[in-house]
Structure formats: C-alpha cells, structure tokens
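Asker: Got a predicted structure plus its sequence, pasted below:
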Amino acid sequence: QVQLIESGGGLVQAGGSLRLSCAASASTFRNTRGWFRQAPGKEREFVAALTWRSGLTTYADSVKGRFTISGDNAKNTIYLQMNSLKPEDTAVYYCAAGTFLLSTTKGSYDYWGQGTQVTVSS
C-alpha cells in the first residue's frame, strides 16, 4: 500500500508562486508520479507527470512554462513548483502514483493523496 501525503498549498495572489510537495511511503514502487487538480464543479484534470527511471516529464498545455515537476529519489518525494499563478489555477491539487509511463489519464493511477487546496486571488 502506497501512502501519498501532499503539502504546500495555500492562498496566494495572482502572479505569485507556490511549491507543492508529495511524499510517498517506500513500501511499493510506482514508476510514474503525477499531479492532478480539481476545481469546484469540474472534473479532475491532469497537470503534470514525472517518470522516475528516465526523468521524463509532461505537462498540461494550461500550465506549460509556468509549472515544473521534479523529484527527489532519496526522499521519495515529488514537487510541483507553480509560478505566475492565475485565478483559474485555483483547485484542490492531488498527487498520484502509477505504473504507466507518463500517463495523463487519472484512471491509470493506482494511488492518490488526499489533496491540498490552492487558492489564487485576483
């Protein structure tokens, strides 16, 4: 059983930055780690993903150039650096772990964290 614990959410003004963290238990290895987000009344959507073995990353078009996903193998932790935040980035952000290479589909992820709220004020 993999446990994922997110942290780093909060309230920030538009144009500001936040860094999310997602720590995982080491009990089960999953090659791909991703970030998704869900705004009120909307579907959960893909944000970014990272594959441990290759270091490859992929991003949703809406965050490309503003967000950066990275990982620390020794800490079994991934990060999401979010810059130039916009009000439309407001959502609960979820960390996920799965086996499919750089999957952008939430159904292919096996484990999920409980989420951390990010609110961007205008």
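Answerer: Arrived safely. Numbers count the residues shown, from 1 in each chain.
Asker: Identify the spatial nearest neighbour of A24, chain neighbours not counted.
Answerer: N76 (4.8 Å; Cβ to Cβ, 6 or more residues apart in numbering). All C-beta atoms are positioned from the backbone trio N, CA, C, and that covers glycine.
Asker: Verify the stated contact: that neighbour with R30.
Answerer: No. Contact between N76 and R30 fails when scored by Cβ atoms under 8 Å: they sit 10.2 Å apart.
Asker: Now do the same for G107: helix, strand or coil?
Answerer: Secondary structure for G107, judged by DSSP: H, G, I helix; E, B strand; the rest coil, is helix.
Asker: now S54
Answerer: coil.
Asker: Quickly note the distance from it to Q81.
Answerer: As judged by Cβ to Cβ, to the nearest Å, S54 and Q81 stand 20 Å apart.
Asker: and what of A60?
Answerer: Taken as Cβ to Cβ, the span from A60 to Q81 is 15 Å.
Asker: list the buried ones in stretch 81-97?
Answerer: M82, L85, D89, T90, A91, V92, Y93, Y94, C95, A96, A97 (16 or more other Cβ atoms under 10 Å).
Asker: Is the residue lying closest to the fifth one once chain neighbours are set aside bridged to anything, and to what?
Answerer: By that I understand A91. Of all residues not flanking A91 in the chain, R37 sits nearest, at 3.8 Å (Cβ to Cβ, 6+ apart). R37 forms beta bridges with E45, Y93, as assigned by DSSP bridges.
Asker: residues in contact with the residue sitting furthest away from the middle of the chain?
Answerer: In terms of distance from the mean C-alpha position of the chain, S122 ranks first, at 22.5 Å (Cα atoms, centre = their mean). By Cβ atoms under 8 Å, 6 or more residues apart in numbering, the residues touching S122 are A14, P87.
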